[in-house]
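>>> When you get a sec, could you give me coordinates for this:
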Amino acid sequence: MKICFYARLKEDWYFDLLDFYSNDIKIFKELGHEVVKVHNWKMLPRDCDLYFIWWWSSGIIPIIKANRLSKPVITIGNIHYYDMSDQGYFQRPFYIKQFIKYSLKHSDVQIATAKIELEGIKKLGAVNPILIYHAIDSNKYSFKPNENREDFLLTLTQLTKPNIQRKKVKEIILAFANVSPLFPKLKLYIVGNKKDDGYADLLELVKNQKLDNKVEFLDKVSDTEKIDLYQRCRIYIQPTSFEGFGMAIAESMLCGAPVITSRNGAVPEVCGDSAVYVNPDDIKDISKGIEKLMSDDIFRNNLSISGYERIRDLFSYEVRKENIRLLLDKYIN
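A predicted model of the protein is given here:
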């Protein structure tokens, strides 16, 4: 069938840049369907057999149009119902919350990408909610042993002020400052857009902590560069206050990077026992997590392997492909 794959984006090339879009587009094509990518609701085609719409907050107009055409609609996304940060559901404007509720009630199927997100959309009245986890493609993110890695910590995030707060980037820098004297060769690499509004604050913090030669801001990176960093870093660190899944965490684990994170949001669903968990608001606890992993080669190597195996087995591309095939057979075909 012909599938309209919609997400509100600035440009069409974002569909190829972000894995959670490109994976599903590839899956639909491999299942034998034609895919029309649409990033602006004004360009929405009328002749599609199915409308697959990302994000309940911005998909309301495509949903209304598809409903008027009497065509089936699948919606997907995260709402951060249990996220108490500025990026959480309850901090959103009233009209956005109404858009979300409308989309959850007027689409045929609503896909959540984690159990905690499934609970959230159920509370908001989703009429047919199901769980299908994100996929991390092992053909793209390949394992590299921890023994041969370089001495740097890695974190990836948008450097907007709300994201810096949620991903605890300042806390990472301060924790790194604590452990730096113990590990003189260790560095911290922060990947994110330097044009974002929080970059200047982070740069000032690094200078105040006298870490100019220890912390590097790598700006935006390509997919190839990102994977290379995952495969070279000693530790991936993201002590977040909430994640609707945690794509970067899972990607780094599949590449063999031991992870320091927190038990917030969907993170425990993704990481299980294959991560070092810390209190994201406690700089001393984050410091202890770094010290623990850096000081114990055997533990670090074991965590690298168990993390890789967990993501490979539970969140594979093949598992998501099969779940989407079953979904289409049950609800659409």
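
>>> For the stretch 201-333 of the chain, which segments count as helices?
For the stretch 201-333 of the chain, applying DSSP state H, counting those that start in this stretch gives helices covering 223-232, 247-254, 267-271, 283-295, 297-314, 317-327.

>>> Now do the buried residues in the helix or strand of the chain with the lowest mean pLDDT.
Lowest by mean pLDDT, DSSP states H and E among the helices and strands of the chain is helix 14-17, with a mean of 86. Residues of helix 14-17 classed as buried: Phe15 (neighbour count, 16 or more other C-beta atoms under 10 Å). In short, each C-beta sits where N, CA and C put it, glycine included.

>>> hmm, back to that, now the helices of the stretch 201-333 of the chain as a markdown table including mean neighbour count, distance to Pro145 and mean pLDDT?
Shown next, in a markdown table, are the helices of the stretch 201-333 of the chain (neighbours: other C-beta atoms under 10 Å; distance: least, C-beta to C-beta, whole Å; pLDDT from 0 to 100):
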| stretch | mean neighbour count | distance to Pro145 | mean pLDDT |
| --- | --- | --- | --- |
| helix 223-232 | 17 | 10 | 96 |
| helix 247-254 | 26 | 13 | 97 |
| helix 267-271 | 23 | 19 | 97 |
| helix 283-295 | 19 | 15 | 97 |
| helix 297-314 | 18 | 7 | 96 |
| helix 317-327 | 16 | 22 | 96 |
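
>>> Reformat those as a markdown table; add distance to Thr261.
Below are those laid out as a markdown table (distance: least, C-beta to C-beta, whole Å):
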| stretch | distance to Thr261 |
| --- | --- |
| helix 223-232 | 14 |
| helix 247-254 | 6 |
| helix 267-271 | 5 |
| helix 283-295 | 9 |
| helix 297-314 | 11 |
| helix 317-327 | 22 |
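
>>> With respect to Tyr89, which of those helices lies nearest?
helix 267-271 (17.7 Å; C-beta to C-beta).

>>> Return the distance of stretch 44-56 from the chain's centre.
In terms of C-alpha atoms, centre = their mean, to the nearest Å, the centre of stretch 44-56 is found 23 Å from the chain centre.

>>> who touches it?
1-8, 21, 24, 28, 36, 38, 59, 61-63, 65-66, 69, 71-77, 79, 99-100, 103-104, 107, 110, 121, 328, 332 (C-beta atoms under 8 Å, 6 or more residues apart in numbering).

>>> Point to the residue nearest the middle of this structure.
In the chain, the centroid-proximal residue (C-alpha atoms, centre = their mean) is Met247; its distance is 3.1 Å.

>>> wait, doesn't it sit right on Ser22?
No - using C-beta atoms under 8 Å, Met247 is not in contact with Ser22; the gap is 12.0 Å.

>>> Got the confidence number for Lys10?
Here, the pLDDT recorded for Lys10 equals 84.

>>> okay, now the residue lying closest to it once chain neighbours are set aside: neighbour count?
In space, and not counting its chain neighbours, Lys10 is closest to His39: 7.4 Å by C-beta to C-beta, 6 or more residues apart in numbering. For His39, the neighbour count with other C-beta atoms under 10 Å is 17.

>>> Can you name the residues that contact His39?
Contacts of His39 (C-beta under 8 Å, 6+ apart): 6-12, 14-15.

>>> What residues are bridge-paired with the nearest residue to Ile237 once chain neighbours are set aside?
Leaving aside its sequence neighbours, Ile237 sits nearest to Ile260 (C-beta to C-beta, 6+ apart; 4.5 Å). Note on Ile260: beta-bridge partners by DSSP bridges are Ile237, Val276.

>>> Next, Lys65: phi, psi?
With angles defined as degrees, to the nearest 10, Lys65 sits at phi -60, psi -40.

>>> ok, it to Ser287 distance?
In this view, Lys65 and Ser287 are 52 Å apart by C-beta to C-beta, to the nearest Å.

>>> With Leu118 instead?
34 Å.

>>> Please look at Glu87 and Lys167 and confirm they touch.
Actually, residue 87 is Gln. It isn't Glu. No - checked against C-beta under 8 Å, the pair Gln87 and Lys167 is beyond contact range at 10.1 Å.
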